[in-house]
Every structure is written in C-alpha cells, then in structure tokens.
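*Asks:* Below are the sequence and a predicted model for it; my questions follow.
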Amino acid sequence: TCVCMLCSVLDHKTHECVPLKEEYEGKKAELGKTEAEIQEMIQKRRLKIEEIKHSVDLSEEAADREKAEGVQVFTALKESVERSLNELIETIEEKQRTTEKQAEDFIKELEQEISELKKRSSEVEKLSHSEDHLQLLQNFP
C-alpha cells in the first residue's frame, strides 16, 4: 500500500509511493532519534540544575563563612572598645580621686590656717583690751 491516501483514490501518477511499512520504519527511526535528542536535552537541563544547586550551596557556605568572620571581627572590635571604655572610666575616676584628695588636703591646710588665725585673732583681741602697755608692746611688736 501507498502512504499517500490520495494516490489510491485519485490515482496520482506523479507521486512517488513508498510502501507503508518502509515509511513507518523510517518515521519510527526519526521518532527514536527525536526522543533521544529530547532525553539528551532533559539530561543537560538536569545537569544544569545540579550545577546551579551546587553553586547555590557554595554561595551559602561562602556567605556563612563571611558572616562568621564578620561576627568574629566585630566581636573583637566590641571587646576592644569595651576595654578602652573601661580604661577611660578608670582613668577619669583615678583623676577624680586625685583631685578630691588634693582638695581634702588643701581644705585641711586652710582649716589649720583658720584655726591658727582664730587663735591669733583671739590673742590680738585680748591684747587690744589690755591696759598693760609693756605686755602689749612685748606681744605685738
């Protein structure tokens, strides 16, 4: 039998007729080749998917490493800043203690001077009320 349906009905003389079985075998071979090509394209795409997934995994690992390094750097920086802050606070407090000690010493010295001046004032007051001329001249030159 001929593959061309019209050939058998209309008697197309110019058509080349190929036996059905032969055409079937040819088309079947073409389909097999097409199927193989499709399967190859599927396989290539699957491989591409695997490559992309692997790339994403590598990217994720790199991101995790970078995050860990960033945390490590900023932790060290934070500790350094905290140490510096503690040193600054200690320096300021030590300076304040020194200032307070100097102030206390100066206040004691001034209080001592006040005490001596009061004593002298009392003596001067006493002398000023004294009627003894000699004693006044001897004690207040």
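*Replies:* Okay, I see it.
*Asks:* can you pull out the helices in this structure?
*Replies:* Ranges of helices in the chain, per DSSP state H, are 5-10, 20-129, 133-139.
*Asks:* Mean neighbour count and mean pLDDT for those - can I get that in a markdown table?
*Replies:* Backbone N, C-alpha and C define where each C-beta goes, glycine included. What follows is these, written out as a markdown table (neighbours: other C-beta atoms under 10 Å; pLDDT from 0 to 100):
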| stretch | mean neighbour count | mean pLDDT |
| --- | --- | --- |
| helix 5-10 | 11 | 57 |
| helix 20-129 | 10 | 95 |
| helix 133-139 | 11 | 75 |
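*Asks:* Report the distance from stretch 63-70 to the chain centre.
*Replies:* Offset of stretch 63-70 from its chain centre (C-alpha atoms, centre = their mean, to the nearest Å): 10 Å.
*Asks:* What of stretch 25-34?
*Replies:* Using C-alpha atoms, centre = their mean, the offset of stretch 25-34 from its chain centre is 62 Å.
*Asks:* same check, this time on stretch 123-141
*Replies:* Taking the mean of its C-alpha atoms, stretch 123-141 sits 83 Å from the chain's own mean (C-alpha atoms, centre = their mean).
*Asks:* Likewise for stretch 93-104?
*Replies:* Centroid separation for stretch 93-104 versus its chain: 40 Å, with C-alpha atoms, centre = their mean.
*Asks:* Output it as CSV, restricted to C-alpha atoms.
*Replies:* Only the C-alpha atoms of stretch 93-104 are listed here, as CSV (Å, rounded to 0.1, in the frame of the first residue of the first chain):
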residue,chain,number,x,y,z
GLU,A,93,37.8,58.0,88.3
GLU,A,94,41.5,57.9,89.3
LYS,A,95,41.9,61.6,88.2
GLN,A,96,38.7,62.4,90.3
ARG,A,97,40.1,60.6,93.3
THR,A,98,43.4,62.5,93.0
THR,A,99,41.5,65.8,92.6
GLU,A,100,39.4,65.0,95.7
LYS,A,101,42.5,64.0,97.7
GLN,A,102,44.2,67.3,96.7
ALA,A,103,41.1,69.3,97.6
GLU,A,104,40.8,67.5,101.0
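*Asks:* quick thing: my sequence starts at 2, can you match it?
*Replies:* All set: I'll call the first residue 2, so the last point we hit is now stretch 94-105.
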